[in-house]
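>>> have a look at this prediction, sequence included:
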Amino acid sequence: MVNVFRRWLRGARERATPGRDGDRATRLRHAAQLAWAQALEDFYTPPLPDVIVEYEPDGSSFFYIDPKTWTVHLNTAGVPEGLTTEEEREYLRSVCHHEMQHYLLCPYDGPTHARMFNATRKHVSAQTGMFVCNLFADLVVDSFLMERFPGLTRSRVQASIASSASAVDADAHSDLWRLAVTCYRQMWGFEIPPHIPIDTRTKDAATRIVQVARERLRDERRWPKATAEIAKIIAEWEPEVAQELSGAGQVPVRLVPGGTGDHDPDRTAPVRVPVDVDALMGDPTEVRDGDRAKACMGHGDRDVGAERERVAIEVEQQGGSLEDLRVALGFAGLDGDREVALKYWYRAKVRGMLEFDVSRPKHQGDTPVSPVVWRLGDPAEQLDVVQSLQTFPLLIPNVTTRKWDTTSLSGHGSMPGLPDMLLVIDSSGSMEWSVGKKGPRGPYHTALLCAFAAASVAFRKGCSVAAINFSDDCKTTKWTRERDDIERVLLDYQGGGTVAPTDEVVALCRGHPTAMVLTITDAEIYNWDEFIDMVRQITNMGHLFFMFYIGRLDKEVAAALESAGGHVVSVRRPRDLEGLVIREVRRIYVDREDHSAAPPK
């Protein structure tokens, strides 16, 4: 593989020879091919998709991903004029270094990028928030490149400053461009053209931004806090106009596709970007992270469900919020719709919550304890002739015949199967549920965590699951192994009265093999007598019934449920429900033998 790559690299160098016609576009296209190949070699051939090299003067970025075709593009139109052929190659090589590090270092992945972006939204608009993320990422990436490729990186940044400085008249530069180049000066000492004035207000803001970046650039856990602080500095530096970048002013602009609308990078109105900022750093609102690059690799074979679950797990591991997940899914082109994000957020929350050593009592053999009299009628194979003759030389039944009294040895072995599960969840108004940017809250949220966790175990063990969501109305699924069907019903909160679905529960249990009916409710049930009759009916069928009641349970209510064959556990605080459900579910799955189960203690 290495030899193949080297042969390809030699071929790229040969193809990069400037065309005899001196055409700039052709020359830069060949130079970019060589630069990309060399940059891959510089970083030991990282897993990045192939690039499409182009020369598009109307493009707004050196390096971008087209979300319609999921292809990566390297645009050579932004290479500064006046460079020699060798300088053009080295400049493009440094550009490739810089863009690669956005995918490999900062922001690195969608969850990290989403948390950085959401942290800015307390202070600035979505457009300016993306500028903040890209500015901070540039400071992180180029700080690393300054250490590894100091000459290449300094030449590229200085050339970009000079080129963007000539994009407009000296007195027409946007405040945003002045802030960005002043940050570069404060961070690494780059020269700003002396004929372009920088006011004290901008210098002070740049100094504060650079201080924040230096303190946090090597600790990725603090990147969201860094972008939040930089956003606050920019908001104080120059208040923004609605739906505009801070500091854009009245300078000439370029319209670029927005990258932040409604958590989906593909559904946004164009953003007005000052041409000097565009010449300096490309589209400052573009989404740049590793998940976008991964989406371009084998996009046609992409398992969207698995990708969503992976992103949700990563957001959860990083301590992210529901809003972070929505943005991360949108950045990755996986649909940041609220309902979709909420489902995968709960999946990630309950991942690993229930881990069982599924076993049951199992007979493992007998061991002899002491000799006893063997009597007529006992199995002949139990007669121990040697022991009998040692007692007396004649075998006299019921007198001298002996056998061994034994004791059984038992242990735990794997169960051949687990009971199917019927989830009955109360979504009435007393089971409150609210969904904010940080995540859901309320008793119904706790109930959902338990339901998702229990269903996850059942699906993992190959069991069928059915779900009933009840309030004034009743929403029901059939017995299924399709996880999406169950989750869709569980997440359909109603918020009405509390009418127990007695007929629906009986209908699902009738004719079905032994199942465990797990009901989560606050038991403010209007049709209580019918509910008790239903419990009695399904337990007589051989099913297992457990109700987890939120609050202090009345003794008469508990007695009625116990007399009907059910088991009830009182939960005084909603947050206690999760642990209790897990323990009781574990008890059912571990201790169940044949078609019975010990009631909870």
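Cool, got the structure.
>>> give me the three-state assignment for residue 556.
On the three-state scheme (DSSP: H, G, I helix; E, B strand; the rest coil), residue 556 is labelled helix.
>>> state the number of residues packed around it.
8 (other Cβ atoms under 10 Å). Backbone N, C-alpha and C define where each C-beta goes, glycine included.
>>> quick check, residue 505 in contact with residue 468.
Yes. Here residue 505 reaches residue 468: they are 6.6 Å apart, a contact under Cβ atoms under 8 Å.
>>> name the nearest residue to residue 346, ignoring sequence neighbours.
Excluding its sequence neighbours, the residue lying closest to residue 346 (Cβ to Cβ, 6 or more residues apart in numbering) is residue 452, at 4.7 Å.
>>> how about the host helix or strand of the one you found: buried residues?
In the assignment (DSSP states H and E), residue 452 maps to helix 443-460. By neighbour count on 16 or more other Cβ atoms under 10 Å, the buried set for helix 443-460 is 443-459.
>>> check stretch 132-142 too.
132, 133, 134, 135, 136, 137, 138, 139, 140, 141, 142.
>>> how about stretch 185-205?
Neighbour-count burial for stretch 185-205 [16+ other Cβ under 10 Å]: 185, 186, 187, 188, 190, 192, 196, 198, 202, 205.
>>> thinking again about what came up before, distance of the residue nearest to residue 346 from residue 435?
Residue 452 sits 15 Å away from residue 435, going by Cβ to Cβ, to the nearest Å.
>>> ok, residue 55 next?
Residue 55 is 47 Å from residue 435, where distance means Cβ to Cβ.
>>> low-confidence regions, the stretch 501-601 of the chain specifically.
572-601 (pLDDT under 70).
>>> please look at the residue nearest to residue 346 and residue 347 and confirm they touch.
Yes. Counting by Cβ under 8 Å, residue 452 touches residue 347, with 6.7 Å between them.
>>> enumerate every residue touching residue 341.
Contacts of residue 341 were listed using Cβ atoms under 8 Å, 6 or more residues apart in numbering, and they are 312, 322, 325, 326, 329.
>>> what's the mean pLDDT across the strand or helix carrying the last one?
Which is residue 329. Assigned by DSSP H and E, residue 329 belongs to helix 322-331. Helix 322-331 carries an average pLDDT of 92.
>>> from the contact counts, what lies against it?
Applying 3 or more Cβ pairs under 8 Å, 6 or more residues apart in numbering; DSSP states H and E, one finds that helix 322-331 contacts helix 110-120, helix 290-295, helix 304-317, helix 338-350.
>>> so for residue 566, which of the ones you listed sits nearest?
helix 338-350 (25.0 Å; Cβ to Cβ).
>>> what's the burial count for residue 306?
When neighbours are defined as other Cβ under 10 Å, residue 306 has 9 of them.
>>> again, but for residue 236
Neighbours of residue 236 (other Cβ under 10 Å): 12.
>>> for it, which non-adjacent residue is closest in space?
In space, residue 236 is closest to residue 205, 7.7 Å off (Cβ to Cβ, 6+ apart).
>>> rewinding a little: could the buried residues of stretch 185-205 be laid out in JSON lines, adding distance to residue 483, secondary structure and pLDDT?
Shown next, in JSON lines, are the buried residues of stretch 185-205 (distance: Cβ to Cβ, whole Å; DSSP: H, G, I helix; E, B strand; the rest coil; pLDDT from 0 to 100):
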{"residue": "185", "distance to residue 483": "54", "secondary structure": "helix", "pLDDT": "96"}
{"residue": "186", "distance to residue 483": "52", "secondary structure": "helix", "pLDDT": "96"}
{"residue": "187", "distance to residue 483": "49", "secondary structure": "helix", "pLDDT": "96"}
{"residue": "188", "distance to residue 483": "51", "secondary structure": "helix", "pLDDT": "96"}
{"residue": "190", "distance to residue 483": "54", "secondary structure": "coil", "pLDDT": "94"}
{"residue": "192", "distance to residue 483": "57", "secondary structure": "coil", "pLDDT": "92"}
{"residue": "196", "distance to residue 483": "59", "secondary structure": "coil", "pLDDT": "91"}
{"residue": "198", "distance to residue 483": "57", "secondary structure": "coil", "pLDDT": "93"}
{"residue": "202", "distance to residue 483": "54", "secondary structure": "helix", "pLDDT": "95"}
{"residue": "205", "distance to residue 483": "50", "secondary structure": "helix", "pLDDT": "97"}
